[in-house]
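J.: Pasted the sequence and its predicted model underneath.
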Amino acid sequence: MSALRRLLFSRRTLAYVSAGTLGVTGGGYWYLNSGPAYPVSTKEKRRPPPPWTPPSREQMLESLRRSSIDPDEEFDLLIVGGGATGAGVAVDAVSRGLKVALVEKDDFSAGTSSKSTKLVHGGVRYLQKAVFELDYEQYKLVREALHERRIFLQTAPYLSSMLPIMLPIYKYWQVPYYFAGCKMYDVLAGKENMETSYLMSKGKALETFPMLKSEGLVGAVVYYDGQHNDSRMNVALIMTAVKHGAIVANHCEVTELQKGSNDKLNGARVKDNLTGKEWNVRAKGIINATGPFSDTLLTLDNPDHKPIVQPSAGIHITLPNYYSPRTMGLLDPATSDGRVIFFLPWQGNTIAGTTDSPAPVETEPRAQEDDIRWVLDEVRHYLSPDIKVRRGDVLSAWSGLRPLVRNPSASSTEGLVRNHMIHVSESGLLTIAGGKWTTYRAMAQETVDEAVKVFGLENRVKSGCVTERLRLVGSDGWSRNMFIGLIQRFGLETEVAKHLSDNYGDRAWTVCSLAQPTGETWPLHGLRLSPNYPFIEAEVRYAVRHEYAQTAVDVIARRTRLAFLNAQAALSALPRVIEIMGEELHWSRAQRKRQFERAVEFLGSMGLAPGATVPELEPRNMLERLENVFWSLLKSGGAVTKKPGVTYSRAKFEAGEIDSLKELFARHAVPTSPRDHQAPPEVGAEERRLRKQHVREVLRALPGYEAIRAKDYDYVFDEAGFADREDIDLDEFVEICGSLKEVSFAPLSRKVAKVERTRIPVEKSGGGV
Ligand SMILES: Cc1cc2nc3c(=O)[nH]c(=O)nc-3n(C[C@H](O)[C@H](O)[C@H](O)COP(=O)(O)OP(=O)(O)OC[C@H]3O[C@@H](n4cnc5c(N)ncnc54)[C@H](O)[C@@H]3O)c2cc1C
């Protein structure tokens, strides 16, 4: 007994117990305090922040022009490119006290920066690579990205949030493997972790993600990463730079670089792509942040320059929200051909996609039909068989170009850089390229540090880098409950108020102040641009007055995200968007028409079916109404034709088309039972069946079906689950015809050599999942 007491109260036991208690208390404290730090809510956040109206675009252009006339107006830095990289550099440089100009040839974030996967992440698969290949460099990159992930969520809390992502597991041996990998991800994030990853039983996984295929499912691991609205984040960066005094201009392109007598760059020629006007801009240093277009600017600087960018395309499709739960994503790190596939809830819908196929540099790359079908096939693989994954469910499809780069200073045998690259040419052109959205801030910090040294700006800066703490426009007065204040003050629908709060932060008060009354008892304000999406008309006015939107595409694609969520809905909203922008920007009829045509062309690159019914611009006055009548009479040769019924339904059957299909079916189908073969023709179509092998032959006679390829028939039968069928009934025939129309209206694949899917190595894919 005394020996036991001695043992219990020995110093060693006490030391163990104390250490254990400390460990448990510390661990508990750490666990309870883990997760993202949300901004503190205060009573002040119930009210709008002080109003702020940025300088107009005209004032910005004037400042750019003055720099070449008045030496005192010379800029310290001219940044070329208004994507994530350029905008990040502008915020960093201007907040250090430098005089900064930024020009963007299209719209802010019109390039890759609006077409990303929208993840703010360290990259679980990069970590896998680091561990398996004992690659310390890769490990450091993941660590850095996880650090940046935390800053991202703190400096723009309203635009980014954490997202649980599920890795479904179909083999028992994968359980410890995936679980250990995710735990390592948590540990690597350390105190910057969001929430810790956890294992889920099969039942729990199916409860959370009911669309998941249950057959063979063993369980799942859930880990956390961040998600954001990329183009709105880009615009917030630009507006933050403006608030600190930067001069910015979208739709302004650098067409020439200018050198002084010492052969060093001292300015550029800039062209306003909206008016065609050109002028010079003077700056002590020029930064090339043109992403996939880096080589174009490097060639303007030195025509003998050897290309350093190897673009890699990643496609995404938007599916209706019934494809994923609203608050959890899914990731498969090893698909049938080695690519990564994911589907993530985003802005009320589901985005699915993959990354990495080599591609040419182009301004508006298009998602290829083969890639879209590949993504659908992989999605189908994960979903329960009772969910029909249809081509027609693709609401929008887009492709983004990742600027993978070679370092020109490295030996020629060296391949692509892993992350980003900063290179200073002999002329002083400072190029920053590569990297990922998540690390835009760290890249900007490094770039401005280098620029200060290279361009001798030490006396011009007022401080070191402050962007770790600099909150973006819209953040200060925002809290997670701000949307309630918006509902109470403006009488908005909850969905609309939440959308405005999550995309504009405290600037949502200004957006709402531009909203027109609905004239209804509820909601009082907030006329929608499209019935199923929370974007409102006031956003269009706000985009023009406060965010430099200049074209209809700027609004439907990057200020609101309608074009990314649903290309057809964006098309339908277009006349109203153009009408409002026309009022704000005083567009003539010809300008409105041009905007309309250009936007329809753009929507073509977002997966809009070529056969889509295009709505008409509403005439504004009597003269325009008469003009419309005149042109329609001319087109119809005098006969006033009534427009056919609206043909927006996904299965694009025209009026009367179903009747023709029924008739065709009745003519070629045979009665169900063999003994009825001699049955009289009055045997109803419902009791007849058409042999599958005859369907193509039969349909070829029908206008619209002549050119559909055998490959498409196979795809559609497969998609419908009829691959092994001998024959189909009337209902199935009509279903097949609907799917054929969807597929045949899809943008055709470009005639390119077979796409090589997995050439870009994981660690060099720079962003994406
Ligand atoms: C498919 C895909 C998915 C991705 N997903 C993620 C992700 O989930 N998370 C993540 O962190 N990263 C992701 N990334 C990476 C990230 O999107 C990019 O690293 C980032 O957007 C690159 O920004 P950028 O500014 O360098 O290029 P861009 O956004 O392309 O900007 C360059 C700009 O320069 C302009 N420009 C070109 N020439 C001129 C000129 N002469 N004058 C003026 N302007 C000019 C262009 O118009 C363009 O707007 C993804 C990338 C891709 C392709």
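T.: Nice, I can see it.

J.: what about stretch 366-384, average pLDDT?
T.: For stretch 366-384, the mean per-residue pLDDT is 88.

J.: To clarify, my last question referred to stretch 279-296.
T.: For stretch 279-296, mean pLDDT rounds to 97.

J.: Just the buried residues of that stretch, please?
T.: Within stretch 279-296, the residues that count as buried by 16 or more other CB atoms under 10 Å are 279-296. Using the backbone N, CA and C atoms, a C-beta is placed for each residue, glycine as well.

J.: could you pick out which of the residues you listed are near the ligand?
T.: Contacts with the ligand within those, as defined by CB under 6 Å from any ligand atom: 289-293, 296.

J.: what's the closest of the residues you listed to the ligand?
T.: G291 (2.4 Å; CB to the nearest ligand atom).

J.: The residue sitting nearest the centre point of the chain: what's it in contact with?
T.: Centre of the chain computed as the mean C-alpha position; nearest residue by CA atoms, centre = their mean is K115, 4.0 Å away. Going by CB atoms under 8 Å, 6 or more residues apart in numbering, K115 touches 230, 314, 316, 398-401.

J.: Could you rerun that using 10 Å?
T.: K115 is in contact with 109, 230-231, 313-316, 353, 365, 367, 398-402, 557, 564, 606, counting by CB atoms under 10 Å, 6 or more residues apart in numbering.

J.: just A352 next, same as before
T.: 315-319, 323-324, 329-330, 341-344, 372, 375-376, 378-379, 382, 389, 394, 397.

J.: cool, and G216?
T.: With contacts defined as CB under 10 Å, 6+ apart, the neighbours of G216 are 168-171, 202.

J.: With F596 instead?
T.: When contacts are counted by CB under 10 Å, 6+ apart, F596 touches 552, 571, 574-575, 577-578, 614-617.

J.: before we move on, which element is it in?
T.: Here F596, judged by DSSP states H and E, is contained in helix 589-604.

J.: Equivalent analysis for V248, please.
T.: strand 247-249.

J.: does that strand come close to the ligand?
T.: No: counting by CB under 6 Å from any ligand atom, the ligand has no neighbours in strand 247-249; the shortest distance is 9.4 Å.

J.: Which is the succeeding secondary structure element to that strand?
T.: strand 252-259.

J.: where exactly do the helices run in the stretch 1-150 of the chain?
T.: 2-8, 11-32, 57-66, 84-95, 124-132, 136-155 (DSSP state H, counting those that start in this stretch).

J.: for the second one, packing partners?
T.: Going back to what we said before, that points to helix 11-32. helix 2-8 (3 or more CB pairs under 10 Å, 6 or more residues apart in numbering; DSSP states H and E).

J.: Pop the domain breakdown of the chain in here.
T.: 57-114+232-308+406-454, 119-229+311-404, 482-635, 657-745 (automatic domain parsing).

J.: How far does the longest one sit from its chain's centre?
T.: It refers to domain 119-229+311-404. Relative to its chain's centre, domain 119-229+311-404 lies at 14 Å (CA atoms, centre = their mean, to the nearest Å).
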